[in-house]
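>>> fold the following.
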Amino acid sequence: MHQPIRDNLEDYLKGFTRQVPQAFHAHLVACEECASELRLLETQANMLRSLRSVEDAGPMPGFYARVRERIEDQGRVSVWSIFLQPSFGRRLAIASATLALLLGTYLVSTEPGNPSVASAPAVATDTVNVSASETGAAGDSLQQQRRDAVLVDLASFHE
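Reported below is the predicted structural model:
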């Protein structure tokens, strides 16, 4: 296209023929190539205008209300709602069971070898009726042995 056509093509296609200079029309009459190309562009512009909707394309009734409801519903999500999801609940239950099993195993493995409850040493004092004849040296030695046994029991006591 030649220069006068290029300069005023947009105004002509929009329909502003009054603003187009006289040189534009004179060039169209003289140059058949520019005139045929301009007719093609004008045909395309008319086809594109025909595709435009007659009425203003706006949202359907209730669109904004539905959008607002959706936004409000998404805003109400709580941190605690994650516990209501089935997959998370299942994982939490498995993790809790595993932790309980590990703690139980640890407690059982750290117990001492004797499961009985440790208690103070039993002091067995046999009260034997000692007759008057044994109260001599033999009686004193028996008394001393008993005292030594109790002392050894107390000294060797371990928890």
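>>> ok, and what's touching the helix ranked longest in the chain?
Longest helix in the chain by number of residues (criterion: DSSP state H): helix 86-110. If you take CB atoms under 8 Å, 6 or more residues apart in numbering as the criterion, helix 86-110 is touched by I82, F83. Glycine gets a C-beta too; all of them are placed from N, C-alpha and C.
>>> that helix: how far from the chain's middle?
In terms of CA atoms, centre = their mean, to the nearest Å, the centre of helix 86-110 is set 21 Å apart from its chain centre.
>>> next: stretch 150-159.
In terms of CA atoms, centre = their mean, the centre of stretch 150-159 is found 60 Å from the chain centre.
>>> what do you get for stretch 40-57?
Using CA atoms, centre = their mean, the offset of stretch 40-57 from its chain centre is 51 Å.
>>> who's in contact with it?
Against stretch 40-57 from outside (CB under 8 Å, 6+ apart): L9, L13.
>>> do that again at 6 Å, thanks
L13 (CB atoms under 6 Å, 6 or more residues apart in numbering).
>>> average pLDDT across it?
Averaged across stretch 40-57, the pLDDT comes to 80.
>>> what do you get for stretch 73-90?
75.
>>> show me where the chain has helices.
So, for the chain - with DSSP H - the helices run 3-14, 22-30, 32-51, 63-75, 86-110, 137-155.
>>> these into CSV, with extra columns for distance to A57 and mean neighbour count?
Below are these laid out as CSV (distance: least, CB to CB, whole Å; neighbours: other CB atoms under 10 Å):
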stretch, distance to A57, mean neighbour count
helix 3-14, 21, 15
helix 22-30, 35, 13
helix 32-51, 12, 11
helix 63-75, 12, 10
helix 86-110, 43, 10
helix 137-155, 101, 12
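>>> mean pLDDT for these: which is lowest?
The bottom spot among these, by mean pLDDT, belongs to helix 3-14, with a mean of 72.
>>> and the angle from that helix to helix 22-30?
100 degrees (axes from the mean of the first three to the mean of the last three CA atoms, to 10 degrees).
>>> let the chain start at 22 from now.
Got it, first residue is 22 now, which makes that one helix 24-35.
>>> just how off-centre is helix 24-35 within its chain?
60 Å.
>>> elements contacting that helix?
The helices and strands touching helix 24-35, judged by 3 or more CB pairs under 6 Å, 6 or more residues apart in numbering; DSSP states H and E, are helix 43-51.
>>> if we use 8 Å, what do you get?
If you count contacts as 3 or more CB pairs under 8 Å, 6 or more residues apart in numbering; DSSP states H and E, helix 24-35 packs onto helix 43-51, helix 53-72.
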